[in-house]
Every structure is written in C-alpha cells, then in structure tokens.
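Return a 3D structure for these sequence lines:
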Amino acid sequence: MSKALHHQIVTRARQLISDPTRWTQGEFAKRRNGLPIEPSDADAYRFCAVGALTRAASDFTGDIVAADALANEVHVALLSVAEIPAGQTLECINDFGQGHAAILKIFDDYLAAH
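As a prediction, this is how the structure comes out:
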C-alpha cells in the first residue's frame, strides 16, 4: 500500500483524537453518551488509537472490510517507526500504557519520518 495513503490515514486519525475529549480507552470508539460503537459508524465520537485509524481508513475506502485491513497495515507501519518495546501494540499503549500523549507522539513520529 502507498506510503502516501498511510500518511493520510495517520494524519486523519491524529486529527480525530488530538482533542483529549475525543480520545478514549477500552473501546475502539464510543458515542457522545459513552456507549461503544463501531469506529466507522457516523455516530462514533470518541476513538482509541486503533479506532481512529479504522475510522480514517473507512473515510478513505468507504468499505469496512477494506478499512480494517488498511488500518492494520498502518498499525504495523506505526509500530515499525515507534521506539517501543517489542510485542507492544497501540492497544496496549492506548489502554494500559502512557495513554493519549504517547499515542500522539507515535503518530507524530510516524508523520515526521514519512
């Protein structure tokens, strides 16, 4: 997949969660009322890192199956750039690790490198 498309997806995902009130933990996405929802759903308001990648990929593809596959590719690409311990995932960092600031740094490091 194109590095340019990966860059666009990370840029969009970062925009989705740059405001801490639009970021979440423990679910890929939540409605405004806090209930879980699919990241590609129009009512999704808050996103974890992976949910934001999925939403961004969905915005580009319009196809949830393709979006999931593309978001996974981008997830792997992010981990290849980030300086994190082996075996860590964005979910772990998002939900149990350093949280919002760490996720934004990973996104920013990727964008700076690409």
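
All the helices of this structure, residue numbers only.
Per DSSP state H, the chain has helices spanning 3-17, 49-61, 64-81, 90-95, 100-113. These are given in chain order.

and among these, the most buried is which?
Per residue and on average, the most neighbours among those fall to helix 49-61, with a mean of 25 (mean count of other Cβ atoms under 10 Å). All C-beta spots, glycine's among them, are computed from the backbone N, C-alpha and C.

How about residues contacting that one?
Counting by Cβ atoms under 8 Å, 6 or more residues apart in numbering, helix 49-61 makes contact with 5, 8-14, 16-17, 24, 27-29, 39-40, 44, 47, 64, 66-68, 70-71, 74-75, 90-91, 93-94, 103, 106-107, all of which sit outside it.

picking up where we left off before, I'd like to know which of the helices of the chain lies nearest to residue 33.
Ranking the helices of the chain by distance to residue 33, with Cβ to Cβ as the measure, places helix 49-61 first at 16.3 Å.

which sections of this protein are below the confidence cut-off?
Scanning the chain for pLDDT under 70 picks out the ranges 1-3.

Distance check, the residue nearest to residue 82 when sequence neighbours are not counted against residue 37.
Leaving aside its sequence neighbours, residue 82 sits nearest to residue 106 (Cβ to Cβ, 6 or more residues apart in numbering; 4.5 Å). Computed as Cβ to Cβ, to the nearest Å, the residue 106 to residue 37 distance reads 24 Å.

do residue 114 as well
According to Cβ to Cβ, residue 114 stands 30 Å off from residue 37.

Looking at these two, which is more packed in?
It is residue 37, of residue 114 and residue 37, that has more neighbours when counted by other Cβ atoms under 10 Å, with 20 against 12.

So what does the more buried one have for phi and psi?
Taking degrees, to the nearest 10, you get phi -160, psi 160 for the backbone angles of residue 37.
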